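Enquirer: Next one to model:
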Amino acid sequence: MQRLYDFIRRHPTGVDCFWAVFLLGLSGVSIVAGHAGRTSTERIATVPIVIGLCLVVALRRRAPEKMLLLAGALGVAQLVFGVAPNVANFAMLLITFTVATVGERWASRLALVCSLSAAGLSQLRWPQNGPESSWPQQVFVGMVMTVPFVLAWVLGDSMRTRRAYFSQLEERAARLEREREAQSKVAVAAERARIARELHDVVAHNVSVMVVQADGAAYVMDAAPDQARQALETISSTGRQALAEMRRLLGVLRTGDTKESGEYVPQPDVEQIEDLVEQVRQTGLVVDFKVEGTPRPLPSGVELTAYRIVQEALTNTRKHGGPDAGASVRLVYFDDGLGLLVEDDGRGAAHELYEDGGADGAGHGMIGMRERVGMVGGTLDAGPRPGGGFRISALLPLKPAQ
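Expert: Take a look at the predicted model:
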């Protein structure tokens, strides 16, 4: 049964042609049965009118507007030549339904007008109870004959409305799917930007440590081989750490590739800030580290943001503070958040490196800091200290801003 239904849906014109042939056969039987009593003009006009109405049935879905005009012209010909209604006039009912369903709007309105007037004109041309019937009887019969045409038009128009409704639903679903795809692309782009900031922090910090250690090792290579060996060991461990973090971050970008063996390094947290400070001290930078308040677990986003801010601030101190600069790092645990204060007494960074994130394209570390703090709903204040040097202050709430 399902195959038959699918075949009918795939071949609508073939199905209409079958019904047209069937209607032509019924009409032929009707013409032969009622051949007596007809004038020669009526007999001559009946055959082309019947064939034309059967053609309307065959092509009603292929060219509905043209078939409606053809059916109207054949109806007028019936009135003119006196061809009484027969089985073939069922085609007018079908074309009314078809045009109301899939035809143009003007054709649908024309079909409604023809449906309202066809039965009345037919009743005037061929009275149901003969010429002696009263006009109330003719009006009643005309109204009864009009009902099927009006119902066909109403049913077709309701199907048009339903199809339009389902079409809107499909379009809306497709639009929502496109929006979801766009949102997914935006999310991927945001994630890639976050990873880019992570890479910047990792590379900038670790490479600066390696450069300082390499310079120190080259300076004391002959005078103090033990210190040079220690500096090389620091370079080696720092490089491994940088590679491990870069492998973890770049692994997020790989889709569809085979996962590499090995464990990924977890995200840095607040407890690792002390290790970070100790690593910086080994480069020769004097750093004072202090924790105030009662340490407690924090959201992972807040901990990662705090670690990266301290990392970027100490990196900037080494890059811009000068040879004799010192720094201090303060972590303050409040009831509703975490406070960070990183200061140095060096010569400070150039103005364009921190104002609005760097107007000359530099200062990407400051841009990263502001974006990280904004992601967790915190505030950041960065700029020169009144007594010289540079100061970075951040407040990270436990809950993101609404």
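Enquirer: Which strand or helix spans the residue lying closest to residue 15 once chain neighbours are set aside?
Expert: Leaving aside its chain neighbours, residue 15 sits nearest to residue 8 (5.4 Å; criterion: C-beta to C-beta, 6 or more residues apart in numbering). To be clear about C-beta, it is placed using only N, CA and C from the backbone, and glycine gets the same treatment. Counting by DSSP states H and E, the secondary-structure element that holds residue 8 is helix 2-10.
Enquirer: Please spell out which residues along that helix are buried.
Expert: Along helix 2-10, no position meets the burial threshold by neighbour count (16 or more other C-beta atoms under 10 Å).
Enquirer: Which residues belonging to the helix or strand that that helix is followed by are considered buried?
Expert: Following helix 2-10 in sequence order, the next helix or strand is helix 12-33 (DSSP H and E). For helix 12-33, burial by neighbour count (16+ other C-beta under 10 Å) applies to 16-17, 19-20, 23-24, 27, 31.
Enquirer: Please apply the same query to stretch 88-104.
Expert: By neighbour count with 16+ other C-beta under 10 Å, stretch 88-104 contains the buried residues 88-103.
Enquirer: Verify the stated contact: residue 54 with residue 18.
Expert: No. Taking contacts as C-beta atoms under 8 Å, residue 54 lies outside contact range of residue 18: 11.3 Å.
Enquirer: what's the closest non-adjacent residue to residue 148?
Expert: Here the nearest residue to residue 148 in space, its sequence neighbours aside, is residue 93; by C-beta to C-beta, 6+ apart that works out to 6.2 Å.
Enquirer: Which of the helices or strands spans that neighbour?
Expert: Taking DSSP H and E as the definition, residue 93 sits inside helix 90-102.
Enquirer: And for residue 127?
Expert: With elements taken from DSSP H and E, nothing contains residue 127; it lies in neither a helix nor a strand.
Enquirer: For residue 201, the count of nearby residues, please.
Expert: The local packing count at residue 201 equals 25, with neighbours defined by other C-beta atoms under 10 Å.
Enquirer: quick one: it and residue 313 touch, right?
Expert: No. Counting by C-beta under 8 Å, residue 201 sits too far from residue 313 to count as a contact (10.8 Å).
Enquirer: How about the secondary structure of residue 298?
Expert: Classification of residue 298 into helix, strand or coil gives coil, according to DSSP: H, G, I helix; E, B strand; the rest coil.
Enquirer: Could you tell me what pLDDT the model assigned to it?
Expert: The pLDDT attached to residue 298 in the predicted structure is 84.
Enquirer: Now tabulate the buried residues of helix 12-33 in a markdown table and tack on pLDDT and distance to residue 210.
Expert: As requested, the buried residues of helix 12-33 are exported to a markdown table (pLDDT from 0 to 100; distance: C-beta to C-beta, whole Å):
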| residue | pLDDT | distance to residue 210 |
| --- | --- | --- |
| 16 | 87 | 82 |
| 17 | 91 | 84 |
| 19 | 89 | 86 |
| 20 | 90 | 88 |
| 23 | 89 | 92 |
| 24 | 89 | 94 |
| 27 | 86 | 97 |
| 31 | 79 | 103 |
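Enquirer: which of these lies closest to residue 197?
Expert: Compare each of those with residue 197 using C-beta to C-beta and the shortest gap goes to residue 16, at 65.8 Å.
Enquirer: which non-adjacent residue is nearest the closest one?
Expert: Here the residue nearest residue 16, using C-beta to C-beta, 6+ apart, is residue 58, at 5.2 Å.
Enquirer: now do residue 315
Expert: In space, residue 315 comes closest to residue 205 once its chain neighbours are excluded; the distance is 4.8 Å by C-beta to C-beta, 6+ apart.
Enquirer: counting contacts, what elements does the helix or strand containing the one you found pack onto?
Expert: Counting by DSSP H and E, the element that carries residue 205 is helix 135-219. If contacts are counted by 3 or more C-beta pairs under 8 Å, 6 or more residues apart in numbering; DSSP states H and E, helix 135-219 sits against helix 90-102, helix 105-125, helix 225-253, helix 300-320, helix 364-375.
Enquirer: centre of the chain versus the last one, how much separation?
Expert: Just to be clear, that refers to helix 364-375. 28 Å (C-alpha atoms, centre = their mean, to the nearest Å).
Enquirer: got the angle for it vs helix 300-320?
Expert: 160 degrees (axes from the mean of the first three to the mean of the last three C-alpha atoms, to 10 degrees).
Enquirer: Skip ahead from helix 364-375 and say which helix or strand is next.
Expert: Scanning onward from helix 364-375 (DSSP H and E), the first element met is strand 379-384.
Enquirer: which helices and strands sit right next to that next one?
Expert: Against strand 379-384 (3+ C-beta pairs under 8 Å, 6+ apart) you get helix 364-375, strand 390-397.
Enquirer: Bridged to residue 328, which residues?
Expert: The partner list for residue 328 in beta bridges (DSSP bridges) reads residue 288, residue 343.
Enquirer: Same question for the one 5 residues further on.
Expert: With beta bridges defined as DSSP bridges, residue 333 has these partners: residue 338.
Enquirer: gap between stretch 320-327 and the chain center?
Expert: Mean-position distance between stretch 320-327 and its chain equals 50 Å (C-alpha atoms, centre = their mean).
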